[in-house]
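Participant: Below: sequence and its predicted model.
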Amino acid sequence: MTTEKDPINQTRSLLYGPARVLGDVNAVKKGKVGRWIGRRAAGKITGRVFRGLFK
């Protein structure tokens, strides 16, 4: 296995950050911050559960 990152994954990682910020701004504009916070929290919990399952 190589330790180099795949160029597609690098590009995806590079674009994911700004996309997340734009989503945050959009939630604030539409006044749906509470829903956004709930979904973000649910996603973090789900990620931790799956990380524990597939470790």
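Facilitator: That came in fine, so what should we check first?

Participant: residue ranges with poor pLDDT in the chain?
Facilitator: Applying pLDDT under 70 to the chain flags the ranges 1-4.

Participant: list the helices and strands the longest helix along the chain packs on?
Facilitator: In the chain, ranked by residue count with DSSP state H as the criterion, the top helix is helix 7-30. Contacts defined by 3 or more Cβ pairs under 8 Å, 6 or more residues apart in numbering; DSSP states H and E place helix 7-30 against helix 33-53. (Glycine included, C-beta is placed from N, CA and C.)

Participant: Run the angle between the longest helix of the chain and helix 33-53 for me.
Facilitator: For helix 7-30 against helix 33-53, the angle by axes from the mean of the first three to the mean of the last three Cα atoms, to 10 degrees is 150 degrees.

Participant: In this structure, which residue is most central in space?
Facilitator: Arg20 (6.7 Å; Cα atoms, centre = their mean).

Participant: Run the chain-centre distance for stretch 47-55.
Facilitator: 16 Å (Cα atoms, centre = their mean, to the nearest Å).

Participant: If you could redo that for stretch 13-31, that was the one I meant.
Facilitator: Taking the mean of its C-alpha atoms, stretch 13-31 sits 10 Å from the chain's own mean (Cα atoms, centre = their mean).

Participant: Run through the residues that contact the residue nearest to Ala27 when sequence neighbours are not counted.
Facilitator: With Cβ to Cβ, 6 or more residues apart in numbering as the criterion, Ala27 has its nearest non-adjacent residue at 3.8 Å, and that residue is Trp36. Shown in contact with Trp36 (Cβ atoms under 8 Å, 6 or more residues apart in numbering): Gly23, Asp24, Ala27.
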